[in-house]
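[1] need a structure here:
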Amino acid sequence: MKADDNDVRNRIISAATECFAESGFKGTSVRRICERAGANLAMVNYYFGSKDGLYLAIIDREGGVDEMDELTVPASDTTVPAAERLGWLLERLLLDMMVSGPNSLITRLISWELVEPSAALRHIVDTLIDPLQKVMRELVRELAPPDTSEIDIRNSLFSILGQLLYYSHSRPVNEIMAPDLVYDEAGIRAIARHITTFSLRALGVADARHGTA
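    Predicted structure coming up:
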């Protein structure tokens, strides 16, 4: 591939990554991507075959081992109390969902797939969602009473994820219904602490504040 070709391809990937993270797969048009990239519409088909092919290329690039390890390795460190690990992970995920930046792309793509699944959902589940949920399920298992069934562990995990998704996707409603709710970085951290404390209490952790220190 010539240098000029590689430059155009990289510009398209960068622009599409930003657009998909902002608006999801369904809410992003090829025209919008190409306008942001400064590229001809035909270039998406030339390099990736289709919008779907471009999306998969981004998932494979952003969902690499190193990127996933940033989330899963600290959350799996059993030298740290499970409640603290849960608090760290929930804060990181919520910040990634709600604050734009290069480190938040995986979480925002996952977030969009959970509310607006695309045709690439199965691939995204295998590549991004399943590795993260396995770590989160183990955290819930560590924290829950020993006799908790696997179904209750799964449902508890889904309830925790539901809280994250509500705060991240219901911001316009919340700004009307709860105008005192602040969405700057400090406010998002405070929301994450609330979710952690609420979830730990639901799991029966004696000192729920332990995960939010």
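[2] So, low pLDDT: which residues of this structure?
    Flagging of the chain using pLDDT under 70 yields the residue ranges 1-5, 62-67, 101-103, 206-213.
[3] Contacts only, for the spatially most central residue of it.
    Centroid check for the chain by CA atoms, centre = their mean gives residue 107 as the closest residue, at 1.8 Å. By CB atoms under 8 Å, 6 or more residues apart in numbering, residue 107 lies in contact with 71, 93, 96, 97. For every residue, glycine as well, the C-beta is placed using N, CA and C.
[4] With adjacent residues omitted, what lies nearest to it?
    Distance criterion CB to CB, 6 or more residues apart in numbering; nearest residue to residue 107, sequence neighbours excluded, is residue 96 at 3.5 Å.
[5] you'd agree the one you found is up against residue 104?
    Yes. At 3.7 Å, residue 96 counts as touching residue 104 under the criterion of CB atoms under 8 Å.
[6] and these two? which has more neighbours close in?
    Remark: of residue 96 and residue 104, residue 96 carries more neighbours, 24 against 18, as counted by other CB atoms under 10 Å.
[7] now that one, what's its secondary structure?
    For residue 96, the assignment made with DSSP: H, G, I helix; E, B strand; the rest coil gives helix.
[8] Next up, the contacts around it.
    If you count contacts by CB under 8 Å, 6+ apart, residue 96 has them with 103, 104, 106, 107, 108.
[9] Pull out the buried positions in the helix or strand harbouring the fourth one.
    What that stands for is residue 107. In the assignment (DSSP states H and E), residue 107 maps to helix 105-115. For helix 105-115, the neighbour count (16 or more other CB atoms under 10 Å) marks 105, 106, 107, 108, 109, 110, 111, 112, 113, 114 as buried.
[10] just checking, next helix/strand downstream of that helix?
    helix 121-124.
[11] from the chain's centre, how far out does that following helix sit?
    Between the centre of helix 121-124 and the centre of its chain there are 14 Å (CA atoms, centre = their mean, to the nearest Å).
[12] and it, which residues are buried?
    Quick answer for helix 121-124 (16+ other CB under 10 Å): residue 124.
[13] again with stretch 166-174
    Of all the residues in stretch 166-174, those buried under the rule 16+ other CB under 10 Å are 167, 168, 169, 174.
[14] ok, residue 89 - contacts?
    71, 74, 75, 135, 136, 139.
[15] Equivalent analysis for residue 138, please.
    residue 76.
[16] Residue 48 too?
    Counting by CB under 8 Å, 6+ apart, residue 48 has contacts 12, 54, 57.
[17] Export the residues you listed to TSV and append columns for neighbour count.
    As requested, the contacts of residue 48 are arranged in TSV below (neighbours: other CB atoms under 10 Å):
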residue	neighbour count
12	26
54	25
57	18
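[18] In a markdown table: these, plus secondary structure and distance to residue 81.
    Putting the contacts of residue 48 into a markdown table (DSSP: H, G, I helix; E, B strand; the rest coil; distance: CB to CB, whole Å) gives the following:
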| residue | secondary structure | distance to residue 81 |
| --- | --- | --- |
| 12 | helix | 44 |
| 54 | helix | 42 |
| 57 | helix | 39 |
